[in-house]
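> Provide a 3D model corresponding to the input given below.
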Amino acid sequence: MPITPATAKHSSSNGTADAIMLELVDEDGVTTSIAEKLSVHRPPGRLHRAFSVFLFDDRGRLLLQQRAPGKYHSPGVWSNSCCGHPYPGEAPMAAAARRTYEELGTSPSLLAEAGTVRYNHPDPESGLVEQEYNHLFVGLVQSPLRPDPEEIGATAFVTPAELAQRQAEGTFSAWFPTVLDAARPAIRELTGGAGW
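All right, here's what the predicted structure looks like:
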């Protein structure tokens, strides 16, 4: 994705939240104001707009990412394919496509809306809080990944059984079970069931 004046002013390095502004929303997802990213995640957390992306390969396997160890929030844990926050005024689907490219080095195919979910999940390690109105998306990966090492430590494509085993053995982001459950109907539609 080319760097434009819009993306350059929002870019950060090493997973930090340097002066990035997020949309605060009400319980219906209506924007009420904006606030600085890190302040929004400090306890008790403030309800803000976010997105989560679930990408699948042609065998119906889910792409997981392990968050890079240098991330300021939830470093080193496994999570869904991509997640993040739209910039103020940015459409959630556009943000999801942009951030997927920035993190994974590939553009999602057939990206589709999969509903929204609202949650409040404190991160036990960092003490930060994910209080989010989260827009969910599902899609396909049809080109090679080129993960940004500042964002992603590792990637893996998993079947439902492999995911269950990983969840029993390893650490996942606090929000992962919530967003996965909320996205399941759209995931089943995209994958034709495939055990999801």
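
> any idea which strand is longest in this protein?
strand 109-122 (DSSP state E).

> any buried residues in that one, and which?
Residues of strand 109-122 classed as buried: 111, 114, 116, 117, 119, 121, 122 (neighbour count, 16 or more other CB atoms under 10 Å). Every residue, glycine included, has its C-beta placed from N, CA and C.

> and which of these is nearest residue 64?
Here the nearest of the buried residues of strand 109-122 to residue 64, counting by CB to CB, is residue 114; it sits at 16.8 Å.

> what residues are up against that closest one?
Residue 114 makes contact with 54, 136, 137, 138, 182, 183, 185, 186, 187, according to CB atoms under 8 Å, 6 or more residues apart in numbering.

> now the second one: which helix or strand?
Taking DSSP states H and E as the definition, residue 136 sits inside strand 129-140.

> and that strand, what other elements does it pack with?
Counting contacts by 3 or more CB pairs under 8 Å, 6 or more residues apart in numbering; DSSP states H and E, strand 129-140 is packed against strand 48-56, helix 92-104, strand 109-122, helix 176-191.

> lowest-confidence helix or strand of this structure?
Least confident element among the helices and strands of the chain, by mean pLDDT, DSSP states H and E: helix 5-10 (a mean of 37).

> neighbours around the closest residue to residue 141 other than its chain neighbours, how many?
Nearest residue to residue 141 in three dimensions, chain neighbours excluded: residue 55, at 4.7 Å (CB to CB, 6 or more residues apart in numbering). Residue 55 has 28 neighbouring residues, counting by other CB atoms under 10 Å.

> roughly how far does residue 55 sit from residue 31?
Residue 55 is 27 Å from residue 31, where distance means CB to CB, to the nearest Å.

> residue ranges with poor pLDDT in this structure?
Low-confidence segments of the chain, defined by pLDDT under 70: 1-18.

> what residue lies at the spatial centre of it?
Nearest to the geometric centre of the chain sits residue 83, at 1.1 Å (CA atoms, centre = their mean).
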